[in-house]
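Engineer: Could you work out the structure for the sequence below:
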Amino acid sequence: MNFDVIPAIDLRGGRVVRLKQGDYAQQTTYAADPRALARRYANAGARRLHLVDLDGARSGSLDNLAVIRPALAVQASGGVRSLDDIRAARAAGARGVILGRALLEGRFTVAEALAC
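Structural biologist: So this is what the prediction gives:
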């Protein structure tokens, strides 16, 4: 069985963070620059990177697109609520967009998302 390890970087306010059990009040902020960390993962052999926009997940908009663009993320998530959000993430360099809530809520269909 083959599988890929896909490193994830959680972003909040353009910084690398980790939330304890998803609690925004229990945040650890790391000194790492997200772009430098993405390069470090790539240099270590990662073929894909998953960026989680925690601000976007909370606000419903893609707040960390400026960070996603230079990192050239393959996958992006957090705050994707519309087809325009998918297009914006792809325009920022994401080759994939993780969809969950928007599909569950019926905001668009999988076919519509794939057409973006």
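Engineer: Name the helix or strand for R47, please.
Structural biologist: For R47, there is no host helix or strand (DSSP states H and E).
Engineer: ok, it touching V5?
Structural biologist: No - checked against C-beta atoms under 8 Å, the pair R47 and V5 is beyond contact range at 9.1 Å. Every residue, glycine included, has its C-beta placed from N, CA and C.
Engineer: Report the contact partners of the residue sitting furthest away from the middle of the chain.
Structural biologist: In the chain, the greatest distance from the average C-alpha position (C-alpha atoms, centre = their mean) is reached by M1, at 26.6 Å. If you count contacts by C-beta atoms under 8 Å, 6 or more residues apart in numbering, M1 has none.
Engineer: Next: L19.
Structural biologist: 10, 26-28, 54.
Engineer: residue ranges of the strands in this structure, please?
Structural biologist: Here the chain has its strands, by DSSP state E, at 8-12, 15-20, 23-29, 50-53, 75-77, 96-97.
Engineer: got the ones you listed as TSV, with mean pLDDT columns?
Structural biologist: Formatted as TSV, these follow (pLDDT from 0 to 100):
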stretch	mean pLDDT
strand 8-12	91
strand 15-20	94
strand 23-29	94
strand 50-53	89
strand 75-77	83
strand 96-97	88
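Engineer: Need these in JSON lines (columns: distance to L83).
Structural biologist: JSON lines is the format used below for the strands of the chain (distance: least, C-beta to C-beta, whole Å):
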{"stretch": "strand 8-12", "distance to L83": "22"}
{"stretch": "strand 15-20", "distance to L83": "28"}
{"stretch": "strand 23-29", "distance to L83": "27"}
{"stretch": "strand 50-53", "distance to L83": "17"}
{"stretch": "strand 75-77", "distance to L83": "15"}
{"stretch": "strand 96-97", "distance to L83": "10"}
